[in-house]
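K.L.:
fold the stuff below for me.
(chains A and B)
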Amino acid sequence: MIRFLLGRLLQAVPTMIIVSVAIFFLMRLIPGDPAAVMLGDLATSEQVEALRREMGLSGSLPTQYVTWLSHILAGDFGKSITSGDPVLPLMLDRFAVSATIVVAAVLLATLIAVPAGMFAAWRQGSLADYGLVAASTLLLSIPSFWLGLMILLVFGMWLEWFPVIGYVSLHDDFRQGLMFIFMPALTLILVEIGPIVRMARASTIEVSRLEYITHARAKGLSEAEVMWRHAFRNAFAPTWTLIGLILGGLLGGIAVTETVFTIPGLGRLLVEAIYARDYPVVQGCILFISVIYVVVNLIVDMLYPLFDPKIAQ
Amino acid sequence: MTSQSNPEQAVVAADHLTVTVGPGGTRIVDDASFAIMPGSMLALVGESGSGKTMAARAVLGLLPTPLIAAPGSSIKFRHTELVGISPPALRKIRGEHIGMVFQEPMVSLNPSMTIGRQMAEGLALHHRRLGRNEIRERCLEMLKRVSIPNPVHCLGAYPHEFSGGMRQRIMLASVMLLKPDLLIADEPTTALDTLVQRDVLDLMVELTQENGTAVLLISHDLGMVSHYVRDVAVMLKGRIVEQGRSADVLSTPKHEYTQRLVDALPRRSAGGIRLARDAKPLVELRDVVIDYPGRARLFGRGEAKRAVDGVNLTIGHGETLALVGGSGSGKTTLGRATVGLIDPTAGSISFRGGQIVTWRGRAARLQREEMQIIFQDPYSSLDPRQRVGDIVAEPLRLDTTMDRKARYIRVREVLDEVGLSADFLRRLPHQLSGGQRQRVAIARAIARRPAFVVADEPVSALDMTVQKQILTLIRALQDRYGFACLFVSHDLGAVEQVADRVAVMQNGKIVEVGSRDDIFDRPQHDYTKRLLNAAMLLDRRFDGVAAASAI
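P.N.:
Model prediction:
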C-alpha cells in the first residue's frame, strides 16, 4: 500500500518537470526578447538589460531554466507588470475564490448525480431511467455561459434573490458570501451533473450484470444493501476518475463563469493578464493551473485503492 | 423418485413452471415440473439456451428483467408458494433456506470486499442474535472445513488473492454456513480444471450430505452429472424432455435429444494412430524454456516466472499431438511459442528443420503461411466488425499469387469444408452461434492450407453436442489435408477423441509422452493417473455412486 502511494507520488515528478520545461520554452517562443516585450516600445536598452538580469535571462537556455526553476521553487514567480505586485500572492488570492465555488459545486454535483445515476441503473429501462438520462443529456448540451446568463436573469434580475454583481469572501462574511457564490455554483452543478449521472449509470449497469450482485441478492439482502454495499464501491471507480478530471479542469479555468458573474477568480486573472500582456502573471497562472491539475489527479489516483483493492498490490 | 414421489414432502416442487420474456412473450422455460426430496439431488441438464439456469433462478425469484414466471406457474418451497411471494418474505427464504452458488468464480465474489465480510453478511442478516465473535468463529470453522490454508488470513483477504478453485470453495463455504435446506448450484465447476473440478464437486456433495441439504445442480455435462447425481431432468428449448434416474436415462435414453447428448459423451475414435508419413519431424522443440518477466516495479522488476521449463517434443507430419495439463501448467504458452507468437527464453524451436521466426518481416510471413492457430474463445478471437467472408479471406491476402476472384473461390470452398453455406459470407460474428464461430475460426486457420495448426482449447467454450461436431470436423479436415496439429487442452475427453500421441505437462515440464492408448490405458506418471481419475473416463458408471462414496 505504502509502496503504491510512494510509487504514484514519484511518478508525478517527471510529469511536473516536463510541464515546467514546456511552460518555460513556451514563454521563450514569443518573438523577440521577453524583457523588451515586457517593457514595451518606450524602454531604454539599460532598462531592458536590467530586467534581463533580474529575470535571469543572461546565459545559456539550460542555465536560464535552472535559474527560473529555482526562483519558482523558492516561491518567487516574479512581479506583475501592470500592478507591480508579486505574482504568487495574487494567484493564491484569486485561486481561493475559484476553489470555493468549484469545490462546493463539484461536491454537490457528485452527491446529486451519483445516487441519481445509480437509481437510473437500478431501474434500467423504466420511465424514471429515461427521464434521468434525457435530463442529463439536456444539461450536458447546454453551454455554461448561456446557462449562467439565464440563471443570472431569473434569480438575479427577475426574482432579485441574489446580488448580480460583485463578490464577498465567505471568510469575511459567511452569509453574504453564500449569496454571491450561489448562482455561479448552481451553474457549475447543472453543467457537471450530466456527465456524472451518465457515467455512474453506465458503470452501475455494467456491475449489476455480474454474478456477485445476483449472489448478494441470493443471500437475502435488501435491494438497498445490494446497491450500496455491493454495487456502489465496484461501480464508483470510473466515476471517481471522471470527478477528478472535472475538478482538475474546473479549478484551472472557470473563466467564462467568472466573467459572467464578475467573480475575481483565477480564470479571470489569467484572461485579464493575457489582454494586458502581463507575461509574468500569464506564465505563473499557467504553471499554477498545471500543478493543480496534476496534484488533483494524483490525489484521485492515490484514493483509488479504496474502490479497488487490486490496485495497491 | 422425482416424478413418482409425493410432492407434499418435497423441499422444493416446481409445477408447470413457465418463464416468459415479459407477459405472454417467448417461453424460456416451458411447463417444467420437478421436485426434490429433502437431502436428495436433482440435476437439470441441457445446453446453453435450454432454460435450465432460468428454471433454477425462478426458484429464488432471481430472474433478470424482463423475464417473469408466467401465471399458472407454481414453485413450492415446503408449503410456501414462491411465485408471487412478497419481496420481504422472499428475502427471508433466500440465503437462509435456499442458497445458491454460481458458475464463474472470478466474478461471483465481490472484488472490493474482504472474504470475511462477505461470509459474515449472510449470518448477520439471518441470525441477528449472533455476536461478532461468534460469527467470526463460525466463518473460521467453515473455512477450515473446506480446507482453505490459513483461514485467519483468508478472512481479511480479497477474492483476487485466490485461484478459481479456492474461490469456489470459499463460495461453497459462505453459502453452506447457513445450512440451507436447498442448494442451487449453477454449473459450479464448469470454469475449473479437471482436477479442481473433481475436488470441488466432492466437497459440495460432502457438505450438503453432512447438513442434509438438498441440491439442484445445473450442468451441461451429462457424464459428470451421472457420477454425482441420482436423478436427472434433461431440458431442451425450455421443456423437460426426459426425467428419471440418471443410470436409466444414460443407458436407455428415450428422447432423441437425450440420445444425442449421450452420443456426444467422449468416446475413443476408431482408427487409432496415424503414423507420421515422413520420418523427419515437422516441428521440433529442444530444451525450450520460457520465462515471463516479473511485474515492472519502480526500480527493476519482480521475480521472473518460469512458464515452460526445459521441454523436448517433436510433432510429425500430419499427426495430432495433444498437450494436456491443468491451468498454469504452461501448455498455452508452449503452444503459442511453437507458432512463433512468443519468444523462448532458451532452447530452440524448429519447423521443417529451420529455426522459428518470432519477429515480423518477410521470413516470418513465409513461415506463417504454413502454420496457424485456433483460439479457445470464439467470442473474442473473431473481429466483431468484420464479416465472415473478410475474416476468412484475410490470411489469403498475404498470398500475392491470388487475385480477388481466386480468394473468393477459396473462401467459398473453405466455408463449405467447415460446414457453413455461402449465406454466412456476409454475416457478422455476433450473428453466429458459438459453434458456428468456431467453424469460422477453423476456416480462417485452414484457408491457406497450412502444414501445422495449433488448436488452443478449441472446444472448451462450446456445448457438448457442438464439441463433438467440431472435434469430428477437425479430424476430418486433417485426414483430407494432412496438416499436423498441436491440440492444447485440459479436457481428456476431447483429447481421447482426436489425439494420436499425448504429452502431459505439469508445472512447465513434460512429465509423460506416449501414444494415446498408452497414456489412457497404461499411464506411468502419477500426475497422469490423477488427471485420468479426475476426468471420470475410466469408470463410466452412470449411477451416482461417486456421490455415495464421497462421504
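
K.L.:
what kind of secondary structure is the residue positioned nearest the centre of chain B in?
P.N.:
What sits nearest the mean C-alpha location of chain B, by CA atoms, centre = their mean, is B:T190, with 4.3 Å. Classification of B:T190 by DSSP: H, G, I helix; E, B strand; the rest coil places it in coil.

K.L.:
where's it relative to B:E104, distance?
P.N.:
9 Å (CB to CB, to the nearest Å). For every residue, glycine as well, the C-beta is placed using N, CA and C.

K.L.:
my guess is the residue nearest to the centre of chain B contacts B:I218. True?
P.N.:
No. Contact criterion CB atoms under 8 Å: B:T190 and B:I218 do not qualify, at 9.6 Å.

K.L.:
identify each buried residue in stretch A:113-122, please.
P.N.:
By neighbour count on 16 or more other CB atoms under 10 Å in any protein chain shown, the buried set for stretch A:113-122 is A:113-114, A:116-122.

K.L.:
hmm, B:T258 is touching B:T252, no?
P.N.:
No. Using CB under 8 Å, B:T258 is not in contact with B:T252, being 9.5 Å away.

K.L.:
out of those two, which sits in the busier spot?
P.N.:
Legend: neighbour count by other CB atoms under 10 Å in any protein chain shown for B:T258 and B:T252, higher for B:T258 (21 against 11).

K.L.:
residues touching the more buried one, list them.
P.N.:
Contacts for B:T258 (CB atoms under 8 Å, 6 or more residues apart in numbering or on different chains) come out as B:234, B:241-242, B:249.

K.L.:
ok, now how distant is the residue in the stretch 201-313 of chain A positioned nearest to chain B from B:A69?
P.N.:
Per CB to the nearest CB, A:G220 is where the stretch 201-313 of chain A lies closest to chain B, at 3.5 Å. Applying CB to CB, the value for A:G220 to B:A69 is 19 Å.

K.L.:
please apply the same query to B:K237.
P.N.:
18 Å.

K.L.:
which of those two has more neighbours?
P.N.:
Taking neighbours as other CB under 10 Å, B:K237 and B:A69 compare with B:A69 leading, 24 against 15.

K.L.:
list the residues that contact that one.
P.N.:
By CB under 8 Å, 6+ apart, the neighbours of B:A69 are B:17-19, B:58, B:63, B:75, B:83-84.

K.L.:
how about the residues of the stretch 101-250 of chain A by chain B?
P.N.:
A:124-125, A:210-212, A:214-223, A:229-230, A:233-234 (CB under 8 Å from any CB of the partner chain).

K.L.:
which ChimeraX command selects the buried ones in those?
P.N.:
In ChimeraX syntax, the buried subset of these is picked out as below (16+ other CB under 10 Å):
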select /A:210,211,212,214,215,216,217,218,219,220,221,229,230,233,234
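
K.L.:
and the helices in the stretch 301-450 of chain B?
P.N.:
Per DSSP state H, counting those that start in this stretch, the stretch 301-450 of chain B carries helices over the ranges B:331-338, B:362-368, B:388-393, B:404-417, B:434-446.

K.L.:
can you check chain A too?
P.N.:
Per DSSP state H, chain A carries helices over the ranges A:2-28, A:34-39, A:45-55, A:61-73, A:87-122, A:127-141, A:144-151, A:174-208, A:211-218, A:223-225, A:233-252, A:255-260, A:266-275, A:279-303.

K.L.:
swap in the stretch 101-250 of chain B?
P.N.:
B:115-126, B:132-145, B:151-156, B:164-176, B:194-211, B:222-228, B:246-251.

K.L.:
chain A: which of those is closest?
P.N.:
Ranking the helices of the stretch 101-250 of chain B by proximity to chain A (CB to the nearest CB) places helix B:115-126 first, at 4.7 Å.

K.L.:
now for that closest one, which elements pack on it?
P.N.:
Contacts defined by 3 or more CB pairs under 8 Å, 6 or more residues apart in numbering or on different chains; DSSP states H and E place helix B:115-126 against helix B:132-145, helix B:151-156, helix B:164-176.

K.L.:
for the last one, packing partners?
P.N.:
Yep, that's helix B:164-176 we're talking about. Using 3+ CB pairs under 8 Å, 6+ apart, helix B:164-176 sits against strand B:98-101, helix B:115-126, helix B:132-145, helix B:194-211.

K.L.:
so which of the ones you listed is the most packed in?
P.N.:
Comparing the helices and strands packed on helix B:164-176 by mean neighbour count (mean count of other CB atoms under 10 Å in any protein chain shown), strand B:98-101 ranks first with a mean of 28.

K.L.:
so for it, mean pLDDT?
P.N.:
The average pLDDT within strand B:98-101 is 94.

K.L.:
what about B:H127, neighbour count?
P.N.:
Neighbours of B:H127 (other CB under 10 Å): 14.

K.L.:
separation between it and A:R217?
P.N.:
Applying CB to CB to B:H127 and A:R217 gives a distance of 19 Å.

K.L.:
redo the helices and strands packed on helix B:115-126 as TSV? Include mean pLDDT.
P.N.:
As requested, the helices and strands packed on helix B:115-126 are exported to TSV (pLDDT from 0 to 100):
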stretch	mean pLDDT
helix B:132-145	92
helix B:151-156	92
helix B:164-176	90
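
K.L.:
now those helices as a markdown table including distance to B:D423?
P.N.:
A markdown table is the format used below for the helices and strands packed on helix B:115-126 (distance: least, CB to CB, whole Å):
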| stretch | distance to B:D423 |
| --- | --- |
| helix B:132-145 | 54 |
| helix B:151-156 | 53 |
| helix B:164-176 | 39 |
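
K.L.:
re earlier: which of the helices of chain A sits most buried?
P.N.:
helix A:211-218 (a mean of 23).

K.L.:
tell me the angle that one makes with helix B:115-126.
P.N.:
30 degrees (axes from the mean of the first three to the mean of the last three CA atoms, to 10 degrees).

K.L.:
quick one: helix A:211-218 to chain centroid distance?
P.N.:
Remark: helix A:211-218 is offset 38 Å from the chain centroid, using CA atoms, centre = their mean, to the nearest Å.
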